[in-house]
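A.B. asks: Give me a 3D structure for the following:
(2 chains)
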Amino acid sequence: MQSTCRSIRRLSAFVLALVAASAAATAAEIPSEHLEFFEKQVRPLLAEHCYECHSTQAKSLKGGLRLDSRDAVLKGGDSGEAVVPQKPDESNLIQAIRWQGSEMPPTGKLPADKIAVLERWVELGAPWPDEPDQPAPAVAKTYDWPALRAGHWAWRPVVRPPLPPVAAAKWSRNEIDRFVLARLEAAGLHPSPPAEPATLIRRLYFDLTGLPPTPEEVKAFVSVAGKSRSGSSKSAEAAYAAVVERLLESPAYGERWGRYWLDVARYSEGYGGFVDSAALPNAWRYRDWVVAAINADMPYDEFVRYQLAGDSIDKQHAVATGFLALGPTYIADGGVEEAIALAKLETIDDRVDTVTRGLMGMTVSCARCHDHRFDPYPQADYYSLAGVFNNTKNEEIPLASPEEVKAYQDYQKKIKALDSESSKLRGIVRKENRDLTKEESARVAELKKQIADLKRDAPEKYPVLHAVADSGSSDMPLAIRGNPLRHGPVSPRRFLKIVAGDEPPLFTRGSGRLDLADAIVDPKNPLTARVIVNRVWQHHFGFGLVRTASNFGTLGEQPSHPELLDWLASKFVGRKQGDFAWSLKRLHRAIVLSATYRMSSAPSDEALAIDGDNRLLWRMNPRRLDVEAWRDSLLAATGELDSTVGGPSVSDIAKSNRRTLYAAISRNGDKFDSDTFLRLFDFPVPRATSEGRTSSIVPQQSLFMMNSPFMIARAKAMAERVAKDAKHDKARIDRAYWLLYGRAATDEERQLGVAFLGAQAATDSELSRWQQYAQVLLSASEMMYIN
Amino acid sequence: MASGTHKCPGMQMFHRDPSPIISRRHALGRIGAGFGTLGLAAMLADERAGGATNVASSPLAPRPTHFPVKAKHVIQLFMPGGPSQVDTFDYKPMIAKHAGERPAEVDRRSLRNTKNGLFPSPFGFKQYGKSGKWVSDIFSHVGECVDDICFIHSMHTDIPEHAGAMLMMNVGHLQPNRPSMGAWLVYGLGSESENLPGFVAMSPRAQPRGGMANWGNSFLPGAYAGCYVNIAEMKPESVMRDLQNQFVSASDQTQQVDLLRKLNRLHADREHHDPGLESRLSAMEMAFRMQASVPEAFDISGETQATLDMYGDSEYAKGCLLARRLVERGVRVVQVSLSIDGYDIAWDTGHNDIAGGHAKLAQACDQGIAALIKDLKQRGLFDETLIVWGGEFGRAPTSEGAKGRDHDHYGYTTWLAGGGVKGGFSYGATDQFGLSAVENRVHVHDLHATILHLMGLDHEKLTYRYSGRDFRLTDVHGRVIHDIVA
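C.D. replies: Numbers count the residues shown, from 1 in each chain, chains lettered A, B, ... in the order given. Below is the predicted model:
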């Protein structure tokens, strides 16, 4: 029942000032009438109004404060001591019951006579009989670090495991298969047969590029691979490997896998609503950097370092720090001190959360208000990381000549000066409770006109990079219960103890971002490599080996194949011959060349009975396409896809033929027409790092397929394309099936098509019968699922 | 698992799937310990049949509750900007007696830190109904309904800024990264309508500041998002996107849907798996029906003249009438936000001019609100519909400038009516001048807990696992105000 993990809310709650403790009278010197006053009037009052929350009996102790012993009262709670003997006005307790600043009891103010009793009690020096203090209800948490590191799989060092023995060794194509097969055999399961070549090639295309193969590409592959169903022939294997290489080299690969990264990076172009409303019109430059880095197979450790500290490594890569800068940057909409401090801490929290959960599967941001309840992330460790971002500011790096920048800024300065004159005038009037004088009104009108003129003539804002820069190098005090105005001990900037040792070295370079990045990609960090190889696995199989891809803590799921996960992680960071040296492409290659990846997705009753969730990987998981791959494949099938790579975002993607990756995205999902389309199909709200998509089925999706101009346009294009490609209905139907689903139509499907096309379109339908038919094929389930 | 209290991250040892709509696990999370009522076997079978796509029943299917249900629908009459309590429903004659003074009781910091004295309400107050409730003349129509209303005079909230306070009111949190109350309710209860969205948000012209945050689903699945409708432009296309088709006739579309159904079934049979086929088919059929049912629900031309007259012709009144029509058709939650002159925090004109601004705003909504209460009663819907009226905070009894009032988050009034609350009842009190809630204080979290309770949900058990944490509408707070429950 205890109240835990509160985000800050009672901003005005208990008083903030810390007052030096004054000497307290001991019980021996207390006059007996004072003790009597205490017993008769004070203790019952405290018991009646305070002990529910502030005593050892409290179900949930509030504010860390007990009022049931003298020592506890003097020691106080989160806000410092409750009572300064003899000084009611300086005592937090008295201020609180007077409702000055905070409001106690929260259910209603005490009547004046009861307040007077407590004031009097404090004036008397807070007399209390000599009685032992009860044991404190909560002891400070201690951590046995070596035991903790050994106690949970994710915090143990990654050690490359030996290959397990298997009975049917012939099945395996590479080491991955050995680990999978060992578990299947132990459970009495068999791997599914290989997928049909046409199915496999379609799967591979979607996985590596997010686009379907053309009918010609399918047919070419099937003509080689189809001859040897067992897949053992050398030419079939070579053909498959060649397709893998070609796809990994295609720019579409970076577009596909870059988008997966943008989910983790909670990428958006700003517009977060009124508390983080800034627009980020140049965000696409970060998106393009990500796509280019992935296409170039930039080693993952470098990829991470640039995104956290590119500004201090190589100015060329400052754009990569958009990873931090594009997150929500909160502002307070009034001048309230608490709200300003809170906005700052919320912003820092976004950075801590994205970095720890996104890169390491650690829910460190749960330790913002208190030590993490389940994982060994002390609150002090949170502020060790928060301190790094407390010394980091957003910075716009101009992509224009100094003259252009100056010209723009000169205008803005003038506008600002006039603006402030105008609001100053209004402020004076309000303060003096009067209306504007004639002269003042004239001046206000004049200012308004000048501002409008300047705004009209001002040059457009020059292009920039949304990046970050250091703003200091100081350590940050812990915020008691997450309240930024209640300072606890200072937490030195350094890495998490569970990973970096009981006394991690201090971060010394600037804000510490580069130190942080180095600690994250240290090959000895057991989490970073495990998390990224698991994410890659997740996108190839539909589920990760760890199904909670952003939570590897004790409340996350256990890996289904811990040895396989460690084998992949150790290969990934290894630099010896045959290791991946942080190369994502090598990792993909190992996965898609495995026999595991190439299994059929067809279910078997026997296997379903043993392992219905397919945790042991006895088959490939059938998957629903995400919105990007689905929409892109519609455009690819109709021949309309514009495969231009990069550039500014498209505000209404449904009116464009660009890949869905290029849709403009706002943080709240309500700014652009693109947002509306994307959200219809489970695009995540980019407010926080995302570990995977949900896949909901709602009627609005069907409305989109039935009625949207986007689908109507595709239907027209599809009908036109097959009319060009083939002569009569049956051949056209076949062509459509090949283009859309990569296969020929079955007899039954063909008959259904012929029957539909045989009828006349209604006179009030603008779409021809063929266009109507094409729309149905484009809307079918098969467009959305791959095997 | 039985303890449904919020933990960080959750105690409940089951986890979020990457790609469910409503998996069994969510269903369990949703109802806490209520296994028996769930039809667990059926959902398990669905989940497995769904394979990787993991699709179970429709996300909007009605679901069992934790408690007996007092109310089935919520109509939130949201008053963005902060209506002043002492000029509407919290009658404080002491202000006039001490006009211009600044007694210690009201000497508290406000947003703009105004230091002026007490400022009497420019409006007259009269007693109404059997309960003899004092109500301001600007709400005379609502005054006629006081015996059906439960006033909470002791509301308080965390900060006196619109952004945070509006979010606190509508999502239970100071930042916009949480689901709205309406989304939580539809998640918890499903919808009773086969062919309308579960949650509809409306306002005339301007959306309340913060827009979608006020009715969004945040990390809840998309099916729970409020569907926003601008009352001022009631074209079907503005009610819901892609509702109409100018390219294909209805008869042709019927044939298209028929063919699509057959092809999808063939696909599912051939692949030996059923990726939510039934859900897809029912979603498709619902979409087909929505093309007619949504425009019908929003079309008030069939209402009698007597009904139209009762509501009056303000835009907000139209929203109230639509709210009744939607509730009648099974929509779970309707939010109608007030705005006039395109202002997104309408009641904030109170900074400068209470007499003019508040009178105009009340004029825009008073009759429609009263008509809604009467209309629901006439139709037997009042007892199952909970009406919630109020803003994100109130306004101070002292003046700002010559004739305005600054924000007041220390104390303000919200009222409830209908499903499960006591009528002709007032709960809690502010001090003698109306600034701070002093008796039976009710925080917004407590209001949320109580609304959920009336709808049959335990606010501590209605959780959703996201990012390794079990979230609740009330976070770690909230207590049900049982004293107002009838």
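A.B. asks: and B:V485, bridged to which residues?
C.D. replies: For B:V485, the beta-bridge partners under DSSP bridges are B:V421.
A.B. asks: could you check the distance from A:L385 over to chain B?
C.D. replies: 17 Å (C-beta to the nearest C-beta, to the nearest Å). All C-beta atoms are positioned from the backbone trio N, CA, C, and that covers glycine.
A.B. asks: how about that residue, what does it touch?
C.D. replies: By C-beta atoms under 8 Å, 6 or more residues apart in numbering or on different chains, the contact set of A:L385 is A:352, A:355-356, A:364, A:493, A:495-496, A:516.
A.B. asks: which intervals of the chain have sub-threshold pLDDT?
C.D. replies: You didn't say which chain, so I picked chain A. Chain A contains residues with pLDDT under 70 at A:1-28, A:133-140, A:227-232, A:333-334.
A.B. asks: ah, no, chain B please
C.D. replies: For chain B, the ranges with pLDDT under 70 are B:1-58, B:234-238, B:272-279, B:467-468.
A.B. asks: Run through the helices of it in chain order.
C.D. replies: For chain B, the helices defined by DSSP state H occupy B:24-31, B:40-49, B:94-97, B:140-143, B:162-171, B:181-189, B:236-239, B:250-270, B:277-297, B:305-311, B:315-328, B:359-378, B:444-454.
A.B. asks: hmm, back to that, could you dump the contacts of A:L385 to a markdown table with distance to chain B, secondary structure and neighbour count?
C.D. replies: Shown next, in a markdown table, are these (distance: C-beta to the nearest C-beta, whole Å; DSSP: H, G, I helix; E, B strand; the rest coil; neighbours: other C-beta atoms under 10 Å in any protein chain shown):
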| residue | distance to chain B | secondary structure | neighbour count |
| --- | --- | --- | --- |
| A:V352 | 13 | helix | 22 |
| A:V355 | 14 | helix | 27 |
| A:T356 | 11 | helix | 25 |
| A:V364 | 11 | helix | 25 |
| A:R493 | 24 | coil | 27 |
| A:F495 | 21 | coil | 24 |
| A:L496 | 16 | coil | 25 |
| A:L516 | 21 | helix | 23 |
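A.B. asks: closest to A:E628 out of the helices of chain B?
C.D. replies: Checking the helices of chain B against A:E628 by C-beta to C-beta gives helix B:277-297 as the closest, at 19.9 Å.
A.B. asks: Can you give me the buried ones in that closest one?
C.D. replies: B:277-288, B:290-291, B:293-295, B:297 (16 or more other C-beta atoms under 10 Å in any protein chain shown).
A.B. asks: Dump the helices of chain B to CSV, plus distance to A:I340.
C.D. replies: Converted to CSV, those look like this (distance: least, C-beta to C-beta, whole Å):
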stretch, distance to A:I340
helix B:24-31, 36
helix B:40-49, 47
helix B:94-97, 32
helix B:140-143, 38
helix B:162-171, 12
helix B:181-189, 27
helix B:236-239, 38
helix B:250-270, 54
helix B:277-297, 44
helix B:305-311, 44
helix B:315-328, 35
helix B:359-378, 30
helix B:444-454, 22
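A.B. asks: I'd like these as CSV, with distance to chain A appended.
C.D. replies: Rendered in CSV, the data for the helices of chain B read as follows (distance: least, C-beta to the nearest C-beta, whole Å):
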stretch, distance to chain A
helix B:24-31, 10
helix B:40-49, 4
helix B:94-97, 16
helix B:140-143, 27
helix B:162-171, 5
helix B:181-189, 12
helix B:236-239, 10
helix B:250-270, 5
helix B:277-297, 3
helix B:305-311, 29
helix B:315-328, 16
helix B:359-378, 20
helix B:444-454, 8
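A.B. asks: Of all those, which one comes closest to A:L248?
C.D. replies: That would be helix B:250-270 among the helices of chain B, by C-beta to C-beta, at 30.4 Å.
A.B. asks: Packing partners of that closest one?
C.D. replies: Judged by 3 or more C-beta pairs under 8 Å, 6 or more residues apart in numbering or on different chains; DSSP states H and E, helix B:250-270 is in contact with helix A:699-707, helix A:747-758, helix A:769-779, helix B:277-297.
A.B. asks: contact partners of that helix?
C.D. replies: Here helix B:250-270 makes contact (C-beta under 8 Å, 6+ apart) with A:706, A:746, A:748-749, A:752, A:756, A:759, A:761-762, A:765, A:767, A:772-773, A:775-777, A:779-782, A:785, B:245, B:248, B:274-275, B:277, B:280-281, B:284-285, B:288.
A.B. asks: again with stretch B:417-429
C.D. replies: B:70-73, B:129-131, B:133, B:145-155, B:373, B:376, B:382-387, B:389, B:437-442, B:454, B:481, B:483-486.
A.B. asks: Kindly report the same for stretch B:282-302.
C.D. replies: Residues from elsewhere that reach stretch B:282-302 (C-beta under 8 Å, 6+ apart): A:697-703, A:706-707, B:58, B:194-196, B:229, B:234, B:236, B:239-240, B:243-245, B:253-254, B:257, B:260-261, B:308, B:318, B:321-322, B:325-326, B:329.
A.B. asks: could you redo the last one with a cut-off of 7 Å?
C.D. replies: Stretch B:282-302 is contacted by residues A:697-699, A:701-703, A:706, B:58, B:194-196, B:234, B:236, B:239-240, B:243-244, B:257, B:260, B:318, B:321-322, B:325-326, B:329 when judged by C-beta atoms under 7 Å, 6 or more residues apart in numbering or on different chains.
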